[in-house]
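Engineer: Have a look; sequence and predicted model below, questions after that.
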Amino acid sequence: MSSSEDAKEQKMRDRILSLPGQPPNLNFSQFSGYVTVNSAAGRALFYWLTEAPKPSDTKPLVLWLNGGPGCSSIAYGASEEVGPFRVNPDGKTLRLNPYAWNLEANLLFLDSPAGVGFSYTNTSSDELTVGDKRTGEDAYRFLVRWMERFPEYKERPFYIAGESYAGHYIPQLAQLIVNRNKGTKTPIINLKGILMGNPLVDDYNDNKGMREYWWNHGLISDETYFELTKWCLNDTILFPKPNCDNALNQAFSEFGDIDPYNIDRPACTKGSSSNEWRQAWRYRGNDECVTGYTRKYMNDPNVHKALHARLNGTSWTSCSRVIRKNWKDSPKSMLPILKELLQAHLRIWIFSGDSDGVLPLSGTRHSINAMKLKTSKRWYPWYHSHGLVGGWSQVYEGGLLTYATVRAAGHEVPLSQPRLAFFLFSHFLANHSLPSSSS
């Protein structure tokens with residue numbers, strides 16, 4: 001049997017016939033399974049493809065990545081943000097998401113790196129030694145091998161989207177694709193653009209913007225603001241030194257019972273302590289109440305069978321503390337890579353929920369300003385389909401880079417403002433600026 005026939009057979013084995021508790025009469029196809037990215041170590045990455053409704057062959061392919069590092073794209077992107085389903089509070093049934101991004105594109109969710117979500121490695125030390133570089137290389141290898149299984153997507157317009165620490169994953173993966181496409185007659189992967197929400201892109205500017213945002217919103221005292229300025233400004237986001245860590249803990253203790261991922265919303269559970277805030281910052285994603293529904297659903301053996309997933313007797317978790325705690329290489333800035341991607345004429349959109357206290361808009365604006373780009377369209381309010389202001393935007397470098405804020409949205413913009421997120425996504429794919437008037 002030829003390799004193409006093998007790939008075709010594996011694709012058919014990956015088809016999802018039905019998920020437990022899913023709504024009836026779906027008009028789109030789903031596939032899920034594993035792609036081995038390192039045979040010697042036994043590393044295999046888990047994917048879930050939710051195609052667009054027919055005719056899906058006219059729609060682009062979008063890879064979605066969540067961050068952490070160490071958090072599952074199945075847990076967050078697929079199950080509570082942009083995927084076609086939402087898990088109901090019973091943890092057993094699903095409902096359709098009316099603003100699912102697969103209405104506009106074929107969505108490919110990836111649990112990355114190995115050891116996150118349903119992805120696995122047979123070499124236990126992999127989870128203690130992983131960092132940005134290996135994650136990027138494995139993701140690239142995944143895409144090349146996945147497209148051998150799904151050859152209909154090889155020449156399709158391809159985009160990468162995601163949020164948070166995916167502000168590291170996405171530029172580095174895009175850089176690999178751009179560099180390895182050089183000198184080829186046809187692109188190995190037909191990358192057209194990237195879309196990043198509330199991303200971590202530059203430690204200095206994100207630290208600077210974070211303390212400013214907390215102080216400007218009255219979340220911290222003057223004294224704590226000065227301590228953060230003294231100790232954290234030149235520190236790393238992932239592993240702050242003791243003095244910065246102490247200043248952060250003091251800041252967390254002053255927040256009270258709010259949700260750091262959406263400061264205008266109460267905490268999911270009452271009576272949160274500064275220690276819980278610190279744990280939230282380092283070891284989980286976003287809304288733990290919503291994620292709790294997903295956690296129950298994804299630990300159902302019938303769901304594992306339907307998704308062709310394996311867990312080897314362990315429980316499914318939304319984020320891996322082991323991977324987060326032991327993360328290795330993490331460059332302080334993605335800005336040089338973003339400038340390199342712009343020089344390669346790659347389209348970049350960055351958006352910020354303006355209620356996110358974890359990676360707030362102020363840090364992202366500082367980062368964009370630090371790139372010293374040429375403004376094509378000055379700061380303006382953008383309007384969504386109901387004729388209301390959806391946020392504010394600025395366009396740079398002849399339209400290659402667009403920055404937009406999203407009103408009343410938290411860290412996970414598609415969770416807190418699904419209609420606005422879908423509107424923004426549709427304009428990104430169409431390469432249309434966000435509307436500057438309500439007409």
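Structural biologist: Nice, thanks for sending it over. Numbers count the residues shown, from 1 in each chain.

Engineer: With adjacent residues omitted, what lies nearest to Ser393?
Structural biologist: In this structure, Ser393 finds its nearest non-sequential neighbour in Ala404, 4.2 Å apart by CB to CB, 6 or more residues apart in numbering. Bear in mind the C-beta positions are built from the backbone N, C-alpha and C, glycine included.

Engineer: Count the residues that sit near that neighbour.
Structural biologist: Ala404 has 24 neighbours, counted by other CB atoms under 10 Å.

Engineer: Parallel or antiparallel, which strands does the helix or strand where it lies pair with?
Structural biologist: Per DSSP states H and E, Ala404 falls inside strand 401-406. Strand 401-406 has its sheet partners listed here by DSSP bridges as strand 347-353 (parallel), strand 389-396 (antiparallel).

Engineer: Touching stretch 138-158 from outside, list them.
Structural biologist: The contact list for stretch 138-158 (CB atoms under 8 Å, 6 or more residues apart in numbering) reads 3-4, 7, 10-11, 14, 31, 35-38, 43, 45, 47, 49, 57, 60-63, 65, 106, 108, 110, 112-114, 169, 173, 176-177, 180, 186-192.

Engineer: nope, stretch 316-325 is what I meant
Structural biologist: For stretch 316-325, the external contacting residues (CB under 8 Å, 6+ apart) are 68-72, 75-76, 113, 115-118, 127-128, 130, 282-285, 291, 294-295, 298-299.

Engineer: Sketch out the low-pLDDT regions of the stretch 201-350 of the chain for me.
Structural biologist: Scanning the stretch 201-350 of the chain for pLDDT under 70 picks out the ranges 268-289, 313.

Engineer: can you give me the strands in it?
Structural biologist: 258-259, 262-266, 347-353 (DSSP state E, counting those that start in this stretch).

Engineer: And the contacts of the following helix or strand past the last one?
Structural biologist: The element immediately downstream of strand 347-353 (helix or strand, assigned by DSSP H and E) is helix 361-370. Helix 361-370 is contacted by residues 198-199, 201-202, 205-210, 212-213, 216, 335, 350, 352-354, 396, 401, 403, 405 when judged by CB under 8 Å, 6+ apart.

Engineer: what do you get if the cut-off is 7 Å, keeping everything else the same?
Structural biologist: 199, 201-202, 205-206, 208-210, 212-213, 335, 350, 352, 354, 403, 405 (CB atoms under 7 Å, 6 or more residues apart in numbering).

Engineer: Of the residues you listed, keep whichever come out buried.
Structural biologist: The neighbour count (16 or more other CB atoms under 10 Å) marks 199, 201-202, 205-206, 208-210, 212-213, 335, 350, 352, 354, 403, 405 as buried among the contacts of helix 361-370.

Engineer: of these, closest to Asp257?
Structural biologist: Tyr213 (18.7 Å; CB to CB).

Engineer: And the residue nearest to that closest one when sequence neighbours are not counted, how close does it get to Val290?
Structural biologist: Leaving out its chain neighbours, the residue that sits closest to Tyr213 by CB to CB, 6+ apart is Pro360, at 3.8 Å. To Val290, Pro360 is 21 Å away according to CB to CB, to the nearest Å.

Engineer: More neighbours: which of these two?
Structural biologist: In this view Pro360 and Val290 are compared by other CB under 10 Å, and Pro360 has more residues nearby, 25 against 21.

Engineer: give the contact list for that one.
Structural biologist: Residues near Pro360 by CB under 7 Å, 6+ apart: 209-210, 213.

Engineer: Name the residues of the biggest helix by length in the chain that are buried.
Structural biologist: The single longest helix within the chain, with elements called by DSSP state H, is helix 132-149. Buried positions in helix 132-149, judged by neighbour count with 16+ other CB under 10 Å: 132, 134-143, 146-149.

Engineer: hang on, the earlier thing: just say which of the strands of the stretch 201-350 of the chain is most tucked in.
Structural biologist: Ranked by mean neighbour count, those are led by strand 347-353 with a mean of 25 (mean count of other CB atoms under 10 Å).

Engineer: Please list the residues outside that one that contact it.
Structural biologist: Residues from elsewhere that reach strand 347-353 (CB under 7 Å, 6+ apart): 192-199, 338, 341-342, 361, 364, 400-406, 409-411, 413, 416, 424, 428, 431.

Engineer: Got a quick ChimeraX command for the buried subset of those residues?
Structural biologist: Here is the ChimeraX selection string for the buried members of these, based on 16+ other CB under 10 Å:
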select :192,193,194,195,196,197,198,199,338,341,342,361,364,400,401,402,403,404,405,406,409,410,411,413,416,424,428
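
Engineer: So for the strand holding Ala404, mean pLDDT?
Structural biologist: Mean pLDDT, strand 401-406: 99.

Engineer: gap between the helix or strand just after that strand and the chain center?
Structural biologist: Sequence-wise, the next helix or strand downstream of strand 401-406 (DSSP H and E) is helix 413-416. The chain centroid and the centroid of helix 413-416 are separated by 12 Å, computed with CA atoms, centre = their mean, to the nearest Å.

Engineer: Show me what helix 413-416 is packed up against.
Structural biologist: Judged by 3 or more CB pairs under 7 Å, 6 or more residues apart in numbering; DSSP states H and E, helix 413-416 is in contact with strand 347-353.
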